[in-house]
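Student: based on what follows, work out the 3D shape:
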Amino acid sequence: MPNRNALAWDRFRAMIRASVLAIVRPVVALRPRDPSRRRVLFACSQELQARHLAEIWDIVKADPRLDCRLLMPYVERRPGEFDEIRKVLPLPEVPSFWASAGQWDLIVMADHLMSDRAADERQRILRISHGFPGKRVGGKLYAFGPRAYARNGRIRYSRMFVPSQAVKEWALRMDPAFEDVVTVVGSAGDDKMLAELDRREAYRARFGFKPDDTVVFATGTWGPHSLFQKMGDALLAEARTLQDQFRFILSAHPIEYRSQPSGERVWGQYISEQSQHGFIIREPNENWVPHMIASDILLTDHTSLALHGALLERPFVFCPVPDELVEAGTVIRQIRDISPTLRPDASNLRQALLKARNGYPFDKLRAIASQVNSFPHQATDHMRAAIYEQLRLPPSP
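Tutor: From the prediction side, this is the model:
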């Protein structure tokens, strides 16, 4: 009964909020606006999104014509979990109600947030990816699925940034209306990674690896089908027996560090404790680039983070991932299909790692990697041009 009452109360509050917003928004819209300035809202609900939004912030932060603000939609519900976002996006904050009521020239988000807002002539909405678009939810690619649409059935974004032409083609197969919305810009994260390649030996030395060590970067997404939730205990037990042959870096998704109301294991915390067994741990607020560059093999699930390794020609090993979670034809699916796959009990971990190291089809991986990034080393220029087109301003010097 308490849960039912709480749900009813949440619905009642949502109705009241929607009614008040319907009154306030037209009033706010009447306020005069300086034609030489633009108001920009960055909407961010978790740390992983913040790092991608920071790529946009880095482009516009020095422009005196822009008044930028930060919305963290669930900050009231999860106090204390947003300090990292504030570090990455050091912007004045705006409460959820006033962010929804206010008029913005551009709203930038890295997920399907603020579902009640849709782009129009006065307000543009830019959605960037917070990972390579490839996961399937409800039978559709999540990035271009139902949450990309407004209540009237139209795409609610004015622009969606994607890293490659292949991704745009996947979107168009779902809905031709994405033609004028999806813009190929490359990947700033990839560009930063590729610029660091010559530091590989320095990174390996920092982590304590020897030149002849075979380093396995084990990284996963979150949820019941993720690497650690699905087979974490078996995987770690098997990995401990192989540390004379392989060195392991463990990286859990930031969401796996959140406490569980049901009292279940917090996998992020558990992974952090594995340093006592000789594993190197990548904490959620650490840059992933040094760990990726230092590695020789990627052990993963359907997380998009691992896909950056395709540009480095790193061989992959996958944990079992149901087909319904990985869209056919996407880069994740193609790489999975050419890579060794672990048994659920991880009993073939050694054999899979040896196969990846000694017999991987790198010719096929190189062909797949060409679909990951259409503009290597050029993302910032492409993003800057598209952002200022949305702002209807000439780019800042």
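Student: please name the nearest non-neighbouring residue to the residue nearest in space to the middle of the chain.
Tutor: Centrality entry for the chain: nearest residue to the mean C-alpha point is His130, 2.5 Å, by Cα atoms, centre = their mean. Nearest residue to His130, sequence neighbours excluded (Cβ to Cβ, 6 or more residues apart in numbering): Ala110, at 4.0 Å. Where C-beta positions appear, they are placed from N, C-alpha and C, glycine not excepted.
Student: same question, Val321
Tutor: Closest to Val321 by Cβ to Cβ, 6+ apart is His302, at 4.8 Å.
Student: what sits against the one you found?
Tutor: 134-135, 221, 225, 321, 325-326, 332, 336 (Cβ atoms under 8 Å, 6 or more residues apart in numbering).
Student: what does it show for phi and psi?
Tutor: Backbone dihedrals for His302, given as degrees, to the nearest 10, come out at phi -110, psi 20.
Student: neighbouring contacts of the host helix or strand of Val40?
Tutor: Element membership for Val40, per DSSP states H and E: strand 38-43. Contact with strand 38-43 is made by 33, 53, 56-57, 60, 65-71, 73, 89, 91, 94, 99, 102-109, 113-114, 391-393, as judged by Cβ under 8 Å, 6+ apart.
Student: that strand: how far from the chain's middle?
Tutor: The gap between where strand 38-43 is centred and where its chain is centred comes out at 20 Å by Cα atoms, centre = their mean, to the nearest Å.
Student: also stretch 161-168?
Tutor: Taking the mean of its C-alpha atoms, stretch 161-168 sits 15 Å from the chain's own mean (Cα atoms, centre = their mean).
Student: low-confidence bits of the stretch 1-150 of the chain, can you list those?
Tutor: Across the stretch 1-150 of the chain, the ranges flagged by pLDDT under 70 are 1-34, 75-81, 134, 139.
Student: how about the helix or strand hosting Leu53: buried residues?
Tutor: With elements delineated by DSSP H and E, Leu53 resides in helix 47-60, which encompasses its position. Neighbour-count burial for helix 47-60, counted by 16 or more other Cβ atoms under 10 Å, picks out 47-57, 59-60.
Student: who's in contact with Pro163?
Tutor: 129, 132, 184-187, 190, 372-374, 379.
Student: again, but for Glu196
Tutor: Taking Cβ under 8 Å, 6+ apart as the contact definition, Glu196 lies against 203, 289-290, 293.
Student: distance of it relative to Arg159?
Tutor: Distance of Glu196 to Arg159, computed by Cβ to Cβ, to the nearest Å: 28 Å.
Student: please apply the same query to Val167.
Tutor: With the distance defined as Cβ to Cβ, Val167 ends up 14 Å from Arg159.
Student: what of Asn285?
Tutor: The separation that Asn285 has from Arg159, given Cβ to Cβ, amounts to 29 Å.
Student: the more surrounded of these two?
Tutor: For the pair Asn285 and Arg159, the greater number of neighbours falls to Arg159 (21 against 14), based on other Cβ atoms under 10 Å.
Student: now that one: closest residue in space, sequence neighbours ignored.
Tutor: For Arg159, ignoring the flanking residues on the chain, the nearest one in space by Cβ to Cβ, 6+ apart is Leu126 at 4.9 Å.
Student: could you check how many residues crowd around that neighbour?
Tutor: For Leu126, the neighbour count with other Cβ under 10 Å is 23.
Student: quick one: contacts of the one helix or strand it maps to?
Tutor: Taking DSSP H and E as the definition, Leu126 sits inside strand 124-127. Where contact means Cβ under 8 Å, 6+ apart, the residues beyond strand 124-127 that reach it are 56, 105-112, 117-119, 148, 156-161, 387, 390-391.
Student: among the residues you listed, which are in strands?
Tutor: Helix and strand membership here follows DSSP state E; of the contacts of strand 124-127, those in strands are 106-109, 159-161.
Student: the helix or strand harbouring Phe97: which residues count as buried?
Tutor: With elements delineated by DSSP H and E, Phe97 resides in helix 96-101, which encompasses its position. Of the residues in helix 96-101, those buried by neighbour count under the rule 16+ other Cβ under 10 Å are 96, 99-101.
Student: any chance of the residues you listed in JSON lines, plus distance to Leu172?
Tutor: Conversion of the buried residues of helix 96-101 to JSON lines gives the following (distance: Cβ to Cβ, whole Å):
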{"residue": "Ser96", "distance to Leu172": "34"}
{"residue": "Ala99", "distance to Leu172": "32"}
{"residue": "Ser100", "distance to Leu172": "31"}
{"residue": "Ala101", "distance to Leu172": "35"}
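Student: looking at the residues you listed, which one is closest to Gln274?
Tutor: Proximity to Gln274 was ranked across those by Cβ to Cβ; first place goes to Ser96, at 37.1 Å.
Student: so after the one helix or strand Arg357 maps to, what's the next helix or strand?
Tutor: Following DSSP H and E, one finds Arg357 within helix 349-359. Reading on from helix 349-359 to the C-terminus, the next helix or strand found by DSSP H and E is helix 362-369.
Student: what lies in contact with that next one?
Tutor: Residues outside helix 362-369 that contact it (Cβ under 8 Å, 6+ apart): 310-311, 313, 315-316, 331, 334-335, 338.
Student: tally of neighbours for Gly153?
Tutor: Using other Cβ under 10 Å, the number of residues around Gly153 comes to 8.
Student: three-state assignment of it?
Tutor: Assigned by DSSP: H, G, I helix; E, B strand; the rest coil, the conformation of Gly153 is coil.
Student: how close does it get to Ala177?
Tutor: Using Cβ to Cβ, one obtains 10 Å as the distance from Gly153 to Ala177.
Student: gap between the two ends of stretch 300-319?
Tutor: One end of stretch 300-319 to the other measures 6 Å (Cα to Cα, to the nearest Å).
Student: next one: stretch 366-381
Tutor: Distance between the two ends of stretch 366-381: 25 Å, counting by Cα to Cα.
Student: from the chain's centre, how far out does it sit?
Tutor: The gap between where stretch 366-381 is centred and where its chain is centred comes out at 17 Å by Cα atoms, centre = their mean.
Student: flag every buried residue along it.
Tutor: Going through stretch 366-381 with 16+ other Cβ under 10 Å, the ones that come out buried are 368-369, 371-375, 379-380.
Student: also stretch 258-275?
Tutor: 267-268, 270-272, 274.
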